[in-house]
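In: Following is a predicted model, sequence given first.
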Amino acid sequence: MAATMCELRWLSFILVDLGIPVSLPVSMFCDNQVALHIMANPVFHECMKHIELDCHIARNAYKEGFIAPSHIRSSVQVVDMLTKNLPLKSFAFLLSKLGLVSMASSPTCGGAVEFDECLDQQPANAAEAIVVADDPPDVG
């Protein structure tokens, strides 16, 4: 979380320098409830000494109102499709949440089409699979 705080601060400074307003607090989604609890809890425990500095960075950002941390279930954490080897159904569900549009549909030929609407054939691999699902798949 500390690295994310540093990146968010840096990005906010860049945006302000470019004249783009940054609305605070910045939403930050985390699938680790323990990390969120440690950030919000001012009490340190003996077993957390090794992460004390990182906790201070995240906690200060939270107390200043710079970030608004929220819990998100792991099954809907979109970044997992970039960092984990997921089953095809989970991968396709997360891919559908990105809001991609097809490059095959030129804006000069009628505009962008939702990515899942432009596939007329069976996908060759997971990277091409688009499945629109209402609920996240059961992984466990």
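Out: Done, it's in.
In: Apart from its chain neighbours, what residue comes closest to Ser27?
Out: The shortest distance from Ser27 to any non-neighbouring residue, by Cβ to Cβ, 6 or more residues apart in numbering, is to Ala68 (5.5 Å). C-beta here means a position set from N, CA and C on the backbone, and glycine is covered the same way.
In: and the one you found, that one's in a strand?
Out: Yes - the assignment for Ala68 is a strand, going by DSSP: H, G, I helix; E, B strand; the rest coil.
In: Give the burial count for it, as a bare number.
Out: Ala68 has 12 neighbours, counted by other Cβ atoms under 10 Å.
In: Report the contact partners of it.
Out: Taking Cβ atoms under 8 Å, 6 or more residues apart in numbering as the criterion, Ala68 is in contact with 25-28.
In: which among those end up buried?
Out: Using 16 or more other Cβ atoms under 10 Å as the burial test, the contacts of Ala68 include 26, 28 as buried.
In: Which elements pack onto the lengthiest helix in the chain?
Out: If you go by DSSP state H, the chain has its longest helix at helix 2-17. Contacts defined by 3 or more Cβ pairs under 8 Å, 6 or more residues apart in numbering; DSSP states H and E place helix 2-17 against strand 26-30, helix 52-63.
In: what's near enough to touch Lys97?
Out: Counting by Cβ under 8 Å, 6+ apart, Lys97 makes contact with 76, 78.
In: Nearest spatial neighbour of Tyr62, chain-adjacent residues omitted?
Out: Residue nearest to Tyr62 in three dimensions, not counting chain neighbours: Met39, with 5.5 Å by Cβ to Cβ, 6+ apart.
In: Doesn't that neighbour lie inside a helix?
Out: Yes - assigned with three-state DSSP, Met39 falls within a helix.
In: gap between it and Gly19?
Out: Met39 sits 31 Å away from Gly19, taking Cβ to Cβ, to the nearest Å as the criterion.
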